[in-house]
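> any chance you could fold what I've pasted below:
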Amino acid sequence: MRRKQVRGAFHDGEIARSGEADQAIETDRAVGRAFASIYPDVNPAVAIGSSTTERIGLAVATGVLAFGGAMGDLIIAGAGLVLVLFSVIAASLKTPRRVRNEARSRFPRQDWAEYKSKNAPWMLGCWAIIIVIVALALFFVPEDQKIIGAVAAGVIAAGLMWSCPGIAPQRKKRRRKKNAVDEDSEDYDSEDYADDSDGSTELDDDTKFWDDIVEEAK
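Here you go, the predicted structure:
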């Protein structure tokens, strides 16, 4: 008797767990439909890359900051820091990124590409290298060659920021995305013309109606 009760309780528990799982799946589907209806132009799996203008602005600002730091000039370094902050803030305030940030805050359970990004260590490493280069140019370059050292530090800093992962566009991902779009368009075309492949045509209701009238007249 006890075994039957235990088996019945176990079975009831299994049913309850399966019901909860089904309810969770339905909830996820409902959330996905709501997300697609509110943000139809936002693809969580594809992050927004930096444009060429944004890369140029950030690279130039970083170069100015490094040049001012290597020269020991607080005015130039401060101006470079302001330019860096302006470049970052201006890029984040653009409409696509603002809409994407809003969507990510409202639907955090979506499969966002930002959650899988591994660019933060690269960016921190680039800034660490820039700081080391600026410190070497500031403390170890002779005074008569200070300008040359500062220019070199600025150029190196700008180059590092230009090619830093997370800022530089990833060509392989863009190429894969383009190929996926081409495949989708080919599949769409094949579906459109699949009904006509056997040489038969399906008449619409109006055409069938007029054919029936012609046959009756005959």
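> quick check: closest non-adjacent residue to residue 164.
Spatial nearest neighbour of residue 164, chain neighbours left out: residue 126 (4.5 Å); criterion: C-beta to C-beta, 6 or more residues apart in numbering. Using the backbone N, CA and C atoms, a C-beta is placed for each residue, glycine as well.
> got any ranges where this structure has weak pLDDT?
1-22, 24, 168-218 (pLDDT under 70).
> rerun that using 80 as the cut-off
Where the chain drops to pLDDT under 80, the residues are 1-32, 117-118, 166-218.
> what are the ranges of the helices in it?
Along the chain, the segments classed as helices by DSSP state H run 2-38, 52-71, 74-92, 95-106, 120-140, 146-163, 171-192, 205-217.
> rewinding a little: now do the contacts for the residue nearest to residue 164.
160, 161, 164 (C-beta atoms under 8 Å, 6 or more residues apart in numbering).
> and if you look at residue 147?
Residues in contact with residue 147 (C-beta under 8 Å, 6+ apart) are residue 71.
> quick one: residue 91 from residue 58, how far?
According to C-beta to C-beta, to the nearest Å, residue 91 and residue 58 sit 8 Å apart.
> more neighbours, the two?
residue 58 (23 against 18; other C-beta atoms under 10 Å).
> now for the closest residue to the more buried one other than its chain neighbours, how many residues are close by?
Spatially, and ignoring its direct neighbours in sequence, residue 58 is nearest to residue 87 (4.5 Å; C-beta to C-beta, 6+ apart). Using other C-beta under 10 Å, residue 87 has 21 neighbouring residues.
> hang on, the earlier thing: show me whatever sits in contact with both of residue 91 and residue 58.
Common neighbours of residue 91 and residue 58, counting by C-beta under 8 Å, 6+ apart, are residue 50.
> how about residue 63, nearest residue that isn't a chain neighbour?
Once flanking residues are discounted, residue 63 sits nearest to residue 158: 3.5 Å by C-beta to C-beta, 6+ apart.
> ok, that neighbour to residue 133 distance?
Distance from residue 158 to residue 133, by C-beta to C-beta: 11 Å.
> shared neighbours of these two, which are they?
Jointly contacting residue 158 and residue 133 under the rule C-beta under 8 Å, 6+ apart are residue 66.
> picking that back up, reformat the contacts of residue 126 into JSON lines and put distance to residue 118 and neighbour count next to each item.
Shown next, in JSON lines, are those (distance: C-beta to C-beta, whole Å; neighbours: other C-beta atoms under 10 Å):
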{"residue": "160", "distance to residue 118": "18", "neighbour count": "20"}
{"residue": "161", "distance to residue 118": "18", "neighbour count": "25"}
{"residue": "164", "distance to residue 118": "13", "neighbour count": "22"}
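> return the residues in contact with the residue nearest to residue 58.
Residue 87 neighbours (C-beta under 8 Å, 6+ apart): 54, 57, 58, 61.
> one more pass at 10 Å, please.
53, 54, 55, 56, 57, 58, 59, 60, 61, 62, 161 (C-beta atoms under 10 Å, 6 or more residues apart in numbering).
> do residue 34 as well
Contacts for residue 34 (C-beta under 10 Å, 6+ apart) come out as 106, 107.
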